[in-house]
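J.: predicted model and sequence follow; I will ask about them next.
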Amino acid sequence: MILKFDQIELSHLPEFKGGEKELAANMFFDGTNRIFKGCLVPGASIGVHTHDDSCEVIFIISGDGKIYESAPDGTEKTQELHTGDCLYCPKGHTHSLSNPSASESDLVFYAVVPKQ
């Protein structure tokens with residue numbers, strides 16, 4: 001199956017998962033798995049959330065951002081993300097994604113969230 005994100009309706013999801021501003025996304029959902037192209041403008045974020053029954057893979061297409069991660073053992077870290085980076089959030093882990101307000105460009109990414 002080929003997904004053409006420019007042919008999938010653009011959704012505007014305000015304060016997604018408790019984040020700031022909104023997530024703009026062309027989202028494919030087959031009832032189980034989500035695959036989408038997302039955009040966070042400067043100052044926008046996806047709030048902190050846990051993947052209880054899924055994992056998530058995020059590929060940064062353009063822009064710079066920050067990721068907060070927390071593992072079930074209590075380990076926490078915040079790291080910078082840049083164009084070309086790939087983030088993996090395993091099942092049971094917690095994370096958030098943000099485009100710092102000082103950024104001069106949108107953070108554009110692809111995300112895959114397969115239910116496990």
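T.: Great, that's in hand. If you're wondering where the values come from, they're calculated on a predicted model, not measured in any experiment.

J.: which stretches of this protein form strands?
T.: Under the criterion DSSP state E, the chain contains strands at 10-14, 22-29, 34-40, 45-50, 56-62, 65-70, 76-81, 86-89, 94-98, 107-113.

J.: identify the bridge partners of the closest residue in space to residue 112 that isn't next to it in sequence.
T.: Computed as CB to CB, 6 or more residues apart in numbering, the closest residue to residue 112 that is not its neighbour in sequence is residue 57, at 4.7 Å. C-beta: built from backbone N, CA, C; applies to glycine. Bridge pairing for residue 57 (DSSP bridges) gives the partners residue 88, residue 112.

J.: burial measure for residue 57, as a count.
T.: Residue 57: 14 surrounding residues under other CB atoms under 10 Å.

J.: what does residue 74 give?
T.: 6.

J.: show the contacting residues for it.
T.: Residues near residue 74 by CB atoms under 8 Å, 6 or more residues apart in numbering: none.

J.: ok, back up a step: quick one: contacts for the residue nearest to residue 112?
T.: Contacts of residue 57 (CB under 8 Å, 6+ apart): 86-89, 111-112.

J.: so which of those residues is the most crowded?
T.: Using other CB under 10 Å as the neighbour test, the contacts of residue 57 are led by residue 89, with 24 neighbours.

J.: and it, how far is that from residue 104?
T.: 26 Å (CB to CB, to the nearest Å).

J.: list the contacts for residue 20?
T.: Residues near residue 20 by CB under 8 Å, 6+ apart: 43-45, 98.

J.: ok, residue 45 - contacts?
T.: Neighbour list for residue 45: 19-21, 96-99 [criterion: CB under 8 Å, 6+ apart].
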